[in-house]
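Enquirer: Dropping a prediction and its sequence here:
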Amino acid sequence: MSEEPSSTSVSVADGQSKSAKKPKYSRFSQQELDAWQPILTPSWAISIFTVIGLIFIPVGLTSLFASDSVMEVPFRYDDECLPPNSKNDPVAYIKDDTQNKTCNKKLTVKTKMTAPVYVYYQLDNFYQNHRRYVKSRDDRQLRRKGSDNDVSTCSPEDYTPKELGHNPIVPCGLIAWSMFNDTYKLSSKNKELAINKKNIAWKSDRDAKFGSDVYPKNFQVGGLIGGARLNESIPLSEQEDLIVWMRTAALPTFKKLYGKIETDIEDNEEIMLVIENNYNTYEFGARKSLVLSTTTWVGGRNHFLGMAYMLVGGISLVLAVGFLLMYVMHPRPLGDPSYLSWNKNPGILR
Amino acid sequence: MSGGRKRKLRLSKIYSFACCKASFRGDDSQIGGKGYSRVVFCNEPDIFEDGVKNFADNSIRSTKYTLATFFPKSLFEQFRRVANFYFLVTGTLAFTKLAPYTAVSAILPLIIVIGATMVKEGIEDWRRKKQDIEVNNRRVKVHKVDGTFEYTAWKNLRVGNIVKVEKDEFFPADLLLLSSSYEDAVCYVETMNLDGETNLKLKQGLEVTSSLQEDLHFQKFKATVKCEDPNANLYSFVGSMEFEEKNYALSPQQILLRDSKLRNTDYIFGAVIFTGHDTKVIQNSTDPPSKRSRIEKKMDRVIYFLFCILFLMAFVGSIFFGIATKDDFQNGSMKRWYLRPDDSTIFFDPKRPVAAALFHCLTALMLYGFFIPISLYVSIEMVKVLQSIFINQDIQMYYKEADKPARARTSNLNEELGQVDTILSDKTGTLTCNSMEFIKCSIAGVGYGRGATEVEKAMGRRKGSPPIHEHDIESEAGKIRGSLDKKTLIKGFNFDDERIRNGQWVNQPHADVIQKFFRLLAICHTAIPEMNEETGNVSYEAESPDEAAFLIAARELGFEFYKRGQTSLSTFELDPVSSNKVERKYKLLNVLEFNSSRKRMSVIVENEEGKILLLCKGADSIMFERLAKNGREFEEKTKEHVHEYADAGLRTLILAYRELDAEEYKEFDNKFSKARNLVSADQERLMEELSDKIEKNLILLGATAVEDKLQDGVPDCIDKLAQAGIKIWVLTGDKMETAINIGFACSLLRQGMKQIIIHLDSPEIQALEKDGDKMAIAKASRQSVLLQISEGVAQLASYRGSSQKAFALIIDGKSLVYALEDNMKNMFLELGIRCASVICCRSSPKQKALVTRLVKSGTGKTTLAIGDGANDVGMLQEADIGVGISGVEGMQAVMSSDIAIAQFRYLERLLLVHGHWCYRRISSMICYFFYKNITFGFTLFLYEVYASFSGQPAYNDWFLSLYNVFFSSLPVVALGVFDQDVSARYCLKFPLLYQEGVQNVLFSWRRILSWMLNGFISALIIFFFCTKAMELQAFDAEGRTAGKDILGATMYTCVVWVVNLQMALAISYFTLIQHFFIWGSIFFWYLFLLVYGAMPPHFSTNAYKVFIEALAPSPSYWLVTFFVVISTLIPYFSYAAIQMRFFPMYHEIVQWIRYEGKIKDPEFCDMVRQRSLRPTTVGSTARLAAKAHH
């Protein structure tokens, strides 16, 4: 029974008329296709682990070095920029339009940063990924001229209040309305470090998502004022701050590009910061930071990836060695069936 | 020629019992009352009276749907599934503001999934429709006008039409038999399609219409039939016919049922009484019970479990969401002012946090709905259909002789085939061929016949004779002789004895007895000879295969029955004196038919010398007591032989005769004729009494032995199944001795096995039976059965220590009645389970079904019933899987089976190969489905933790909805259709592999939960590694940071890679197909990302150009993907490496064997087989082992 005759020859030789329903023979229909049937032998396991280790560790080292070459200077200012008498009630301070929000600080860069130096603002505990928030925009309105009335998804920032004419707001929605509006001026040795705000957004956004003939209208004119105001004479596609802001962050702690400084910053250079501390993060207790950073081919400074690569690579090597030892120390006769579940408790079967 | 001869026959003469029943059975008193209101005007189909119009037409419809009902009905069917309903609800809700994603993206996969299932339903229904069309368009001759008959389609038949049905045609509707080609309006009907019985039934029309034998006679024929309304009772009919102003009662005897076949009769004329769905057959057809496999039932439970997790997650999320929302706006001051909590909709309203949380819960349910694999059901259905195509295509389950491949009639149960714990098998036609072969006889106390029966051969082996033994030499010689004979093999004849063949019998000591013996065989029957006009050979149409075997034997040995006249039988006989063939004619006087209470039949004939002879054949139990004192000459010897034959698994009959003197016969004939014409309920009893009186004082001639042959390969197949740990119960209608013998033949029983026999043949009970007190009999029987069962249990218990002792339980039908009673059945079941084999003899179809139900519900394990006849239908429908043998006995069993095979031996391949594969495929597939959906769904949940539980998905809407449809399902489907742990050859070589299914190790909760856990772990690793690696810093050298779009796409890439690679890791069988689907799915994801990203931004939203602009140019995207994918797989990989090496499952052991080439080392294979075998208790392997042990 174990050796079945190959059925091909039999089938062809026989008369055709009587066997009309005979299934056609093919390797496919008889489920006899050629197949690669690897099994996880010790050598496979050990070599795979070794290979993983040998690839991961160098890759990890490389990206760690790359990431380490990135200079990053964070400066948290939400607390520092509060006048001493407002420390107890920052919300009142930030909401009071009459107060002067300008705040001058000094920042020392210890190591040299080569241009371009990117300027970021970092917020935390800010849920740009909240569903109500994410949806509160209208892509059509942003892109196409004459679609001002496409505000259905933007409530409550869709129309100006009744007393102001109930006009559609462009750009509508909570995202645009709550745009970050702190501004930074950096100078060093009495020389201004110009912050270039061109090309800080993705090109596809500028080209396809924000119209070059769409201008802000009725923005931040009445009711509750959210964040930044927009220059109504500049088309949306050139309002890169807005474009950056509107590409919402994935997580509640995020960094967004503010601009770039196209000159080097020398080591131990002292940088004067003039911060317009306008943005109200005090109500939801979030921190604000200004971050200066260079980049490299892996992006910004984050050791996680490099470390993790090395760690996993290391673990793989350890596992490889472990497996090797295990196979050497406990060679097990193959086909030992004592582990089979039904041999463990034969009672079920009887 | 033969037609002309038959026309003059009045065959009713032969059937003394059957034909006269008609006269008193018809009960027309009820006609016209409730339920008996039908009025049919024969030959006036165009008459328009009330009622006529309401009759159904003769077309039938077996389809589930019509064009109009297809959509509503099949949709309803679809949404009866919890998961589909859930997706419908979420799909509908997706159109509201609650939805976390766009409605189209949510509803589209549902439409695809439901659409695919509906297309499948549609195709299946279309097939049925085609079958219906074929049946409805069959043609039949119908009377038009003026005595002309024309062909018309079945569906055009109307009630009242006169039809002419010709030989071997099916009856198109339920007909009233008017006349036939025979003068007395009898006809033969084959009812195989109705009840599976192969013997022919005799029907007879009323005498008044029997003369209407020509087409032209129907020119002016008019009759009115009043009868019962359509009902499902096949064996009753109440009605009357008004013909020429007289009323005649009708009975079932005149009714020809649709789907039965006209045999041995040239034509009949009939009036259509019931058409289409009114016919008894169709009224009788019940929808087969829909069966679902165990795995699917369990899968439902797993899905409920997943629903629980889903609700839990949604609930927890809602609480957090509610708290956060409430927090946003307190005492007029806003916290997260950018969300405008002061001017919110109900869904985010901090003033009504409870309502918001409740609504959020709905949103979350929709979002986490990715936990439930939407495409699971449809994938499983697709996979199963493909699997059953493979089963149908298996060339090794194709039976050449009958041109029948295996056919999976339902695809629902494929994987159940891999979990069968107990097989309940019919015997006749299933284990055996149901073709009778005349193999031995005992004449005048001398045994003739050299052929060895299967059973004898098996017993010879069983006795353990080593190859070089005289016993075997003899059987070897027999084999050679047998193979020589095969050139001129005659069906039904396997008799070989040089003492008798070729006329040699004349030289035997009791030549005269031998002559009488074969003469009796040639005369005492009710068969009809059919002359093949070309070859001159005679073949026989007999009621039972036994009878045909006798006639063939008689013919081959020189007593050829060739002609049945109206009152005569003609034979060619070898004259012992002249040794020439001479014709002899016997005048047939009476036939005393066989029935199950008489257990004998006789004919009374007058031979050419004028002697009146009573020839009788019957069962041994009643024949020996009817012998005359001077007829017992050979009794001892014959009894001995009969015992021997029964032991060899043969069916035996005793032959005896008696001479009647003219006086005696006259007296009998008078009384008998009177009784025959008596119109009363007593008639039958009276006739039996008379027959009983005359069938006495017989002179013994000898005994015949007919073999019910085992099918090819049955013992081997049973051995394999036993090695696979499957228990086999045989349920048969046969006698205990025969059943036991067959049991020996197929190694279900063996010497040294302790037989526990439960029966009610004890003297006490027999004594009670004579008294006839039913209450007392029942009480005593019950007690006796209880006692025997408990004794059996006690015996088992006393042997528990030694595992070598095997038990067999044999129980007869009478005892079974009591054993199946509520208070006893559990004990009986326990006894049965612990015995190695169980044989139930003399069991009725209902008992078969009851035993099946008992085993099924009592053990909770999967049962498989296999049978071929109509009497197995109940059992087939009751069992978890019904396998029909598409053999000779009609289609009834096949029609109610789930899978049809042509031979019992194919069961081995069906179960051990296809069953094992399908089980493995489906269970792996389902586990894997859960894994991949949990991996995906849980990353969504983890993201929620960082999105304030607001219900914002991490991925683009279309990523979400296409995940199940395109990026992860196809490799799983490929797994479900093509995966093989080990090849067919190894499946058969290591039958124990099958236990993986029986014990359900591949779909145990442990395995399911492990896969789920793996999913959770994968999700955790993917989510945290991705977010940690990409969270804050610049994403590329341009200084831009990663937003939701980039993180989402990266995470999604990782998920697609991980689930597909996980699949590649988990399977060990790669054909091009697997490669294509696995790598294709991954490739397709990138392709999709490109294409979708190139679409206008209002459609692609945040995926617009994300790949081409952001991801692809950035090294960190590739670094993160590579790292996350590999790290996610490491835990599983380590586990698999350890498990494969140190704790391999059985199929993995076999894989090792194959891998290391040890398969060529028989000792090693045996070691694996033996050491891992629980001791097998039945089958030839076990027999060998038992022998070695002793």
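Expert: Yep, that arrived.
Enquirer: ok, now which ones touch the residue in chain B that chain A sits nearest to?
Expert: Taking Cβ to the nearest Cβ, chain A has its nearest neighbour within chain B at residue B:1033, 2.8 Å off. (C-beta placed from N, C-alpha, C; glycine too.) Contacts for residue B:1033 (Cβ atoms under 8 Å, 6 or more residues apart in numbering or on different chains) come out as A:70, A:72, A:255, A:293, A:299, A:300, A:301, A:302, B:1041.
Enquirer: Strands - which of these land there?
Expert: Counted as lying in strands by DSSP state E, out of those, are A:72, A:255, A:293.
Enquirer: Also within reach of chain B: list those from the residues you listed.
Expert: The subset of these within reach of chain B, counting by Cβ under 8 Å from any Cβ of the partner chain, consists of A:72, A:255, A:293.
Enquirer: Drop anything exposed from those residues.
Expert: Of the members of those, the ones counted as buried by neighbours, 16 or more other Cβ atoms under 10 Å in any protein chain shown, are A:72, A:255, A:293.
Enquirer: can you pull the contacts of the nearest residue to residue A:253 once chain neighbours are set aside?
Expert: Leaving out its chain neighbours, the residue that sits closest to residue A:253 by Cβ to Cβ, 6 or more residues apart in numbering or on different chains is residue A:124, at 4.0 Å. The contact partners of residue A:124, by Cβ under 8 Å, 6+ apart, come to A:252, A:253, A:254, A:286, A:287.
Enquirer: Relative to residue B:619, which of these is nearest.
Expert: Closest approach to residue B:619 among these (Cβ to Cβ): residue A:252, at 91.1 Å.
Enquirer: That closest one reaches residue A:281, doesn't it?
Expert: No. Counting by Cβ atoms under 8 Å, residue A:281 is not a contact partner of residue A:252; they are 12.0 Å apart.
Enquirer: coming back round to it: next one: the residue of chain B closest to chain A, what pLDDT does it get?
Expert: pLDDT, residue B:1033: 87.
Enquirer: And it, its phi and psi?
Expert: Dihedral angles of residue B:1033 (phi, psi; degrees, to the nearest 10) stand at phi -70, psi 170.
Enquirer: tell me which parts of the stretch 351-500 of chain B are close to chain A?
Expert: B:363, B:390, B:392, B:393, B:394, B:395, B:396, B:398, B:400, B:403, B:404, B:405.
Enquirer: Checking my notes, residue A:273 in a strand, right?
Expert: Yes. Under DSSP: H, G, I helix; E, B strand; the rest coil, residue A:273 sits within a strand.
Enquirer: isn't it right up against residue A:105?
Expert: Yes. Contact status for residue A:273 versus residue A:105: in contact at 4.4 Å, counting by Cβ under 8 Å.
Enquirer: Do a quick rundown of the strands in the stretch 451-600 of chain B.
Expert: B:528-531, B:538-541, B:559-564, B:568-574, B:581-592, B:600-606 (DSSP state E, counting those that start in this stretch).
Enquirer: circling back to that earlier point, of the contacts of residue B:1033, which is the nearest to residue B:997?
Expert: Using Cβ to Cβ, the contacts of residue B:1033 come closest to residue B:997 at residue A:302, 50.2 Å.
Enquirer: what's around the closest one, how many residues?
Expert: By other Cβ atoms under 10 Å in any protein chain shown, the residues close to residue A:302 number 22.
Enquirer: hang on, it packs against residue A:67?
Expert: Yes. With contacts counted by Cβ under 8 Å, residue A:302 reaches residue A:67, the gap being 5.7 Å.
Enquirer: which ones are touching residue 279?
Expert: Assuming you mean chain A. A:94, A:180, A:181, A:182, A:227, A:288.
Enquirer: Can you look at chain B instead?
Expert: B:173, B:174, B:230, B:257, B:258 are the contacts of residue B:279 under Cβ under 8 Å, 6+ apart.
Enquirer: same check, this time on residue B:353
Expert: B:322, B:323, B:325, B:326.
Enquirer: What's the separation between it and residue B:332?
Expert: Separation of residue B:353 from residue B:332 (Cβ to Cβ, to the nearest Å) stands at 16 Å.
Enquirer: those strands in chain A, which residues are they?
Expert: A:72-76, A:102-109, A:117-123, A:183-188, A:191-193, A:195-196, A:254-261, A:269-276, A:288-293.
Enquirer: For those strands, please prepare a markdown table with the additional fields distance to residue B:214 and mean pLDDT.
Expert: Below are these laid out as a markdown table (distance: least, Cβ to Cβ, whole Å; pLDDT from 0 to 100):
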| stretch | distance to residue B:214 | mean pLDDT |
| --- | --- | --- |
| strand A:72-76 | 112 | 92 |
| strand A:102-109 | 121 | 90 |
| strand A:117-123 | 105 | 94 |
| strand A:183-188 | 115 | 91 |
| strand A:191-193 | 120 | 89 |
| strand A:195-196 | 112 | 92 |
| strand A:254-261 | 101 | 93 |
| strand A:269-276 | 117 | 91 |
| strand A:288-293 | 110 | 93 |
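Enquirer: Could I get those in JSON lines, plus columns for distance to residue B:993?
Expert: Converted to JSON lines, the strands of chain A look like this (distance: least, Cβ to Cβ, whole Å):
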{"stretch": "strand A:72-76", "distance to residue B:993": "60"}
{"stretch": "strand A:102-109", "distance to residue B:993": "70"}
{"stretch": "strand A:117-123", "distance to residue B:993": "60"}
{"stretch": "strand A:183-188", "distance to residue B:993": "71"}
{"stretch": "strand A:191-193", "distance to residue B:993": "75"}
{"stretch": "strand A:195-196", "distance to residue B:993": "71"}
{"stretch": "strand A:254-261", "distance to residue B:993": "55"}
{"stretch": "strand A:269-276", "distance to residue B:993": "74"}
{"stretch": "strand A:288-293", "distance to residue B:993": "61"}
